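1. Sequence and predicted structure, then a few things I'm wondering about:
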Amino acid sequence: MARLVCPLCEAVVSEGQPPVPGTCPSCHARYVGDAESAPAAVEQGLKDLSVEGLTPSEVANALFVVPSDRCRELGVSITSDERAGFYRWWLFISEGRGAREQLDDLLTESRK
């Protein structure tokens, strides 16, 4: 049994079978990653979102440096699912603005 909750709107996006990349049914944020660590989820997410030129470890660090409420305002967040055994990490990006713009804003915020 696995459960994944959107960190942007707190809706359950997957429950039961292990989650697969998709879209939040509530806020329509895209979620990608499905990795063993936060940096690996960001790396996979950057590939899936076709975002080039960013360092996955820097983005992952920013997701933990910037307060979670500010990440939600920026429309980007990371979370792990809940499951028996090893959990997986997921990168969430809200719809509307481009993923690169949101991640650039996150990195700018983390440098303040």
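-> It's in. Numbering: from 1, shown residues only.

2. Could you pull up the contacting residues of residue 99?
-> Contact partners of residue 99, counting by Cβ atoms under 8 Å, 6 or more residues apart in numbering, are 30, 49, 51, 76, 93. Using the backbone N, CA and C atoms, a C-beta is placed for each residue, glycine as well.

3. show me where the chain has helices.
-> If DSSP state H is used as the criterion, the helices of the chain fall at 38-48, 56-65, 68-74, 99-110.

4. what inclination does the longest one have with respect to helix 56-65?
-> Direction vectors for helix 99-110 and helix 56-65, defined by axes from the mean of the first three to the mean of the last three Cα atoms, to 10 degrees, enclose an angle of 60 degrees.

5. quick revisit: just the helices of the chain: most buried one?
-> Most buried of those, by mean neighbour count (mean count of other Cβ atoms under 10 Å): helix 38-48, with a mean of 21.

6. Let me know the average pLDDT across it.
-> Helix 38-48 comes out with an average pLDDT of 95.

7. For it, list the C-alpha coordinates in CSV.
-> Coordinates of each C-alpha in helix 38-48 appear next as CSV, following Å, rounded to 0.1, in the frame of the first residue of the first chain:
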residue,chain,number,x,y,z
ALA,A,38,15.4,14.0,-3.3
PRO,A,39,18.3,14.9,-5.6
ALA,A,40,17.6,11.9,-7.8
ALA,A,41,13.9,12.9,-8.0
VAL,A,42,14.9,16.4,-9.0
GLU,A,43,17.3,15.0,-11.6
GLN,A,44,14.6,12.8,-13.1
GLY,A,45,12.1,15.6,-12.8
LEU,A,46,14.3,18.0,-14.8
LYS,A,47,14.6,15.4,-17.5
ASP,A,48,10.8,14.7,-17.6
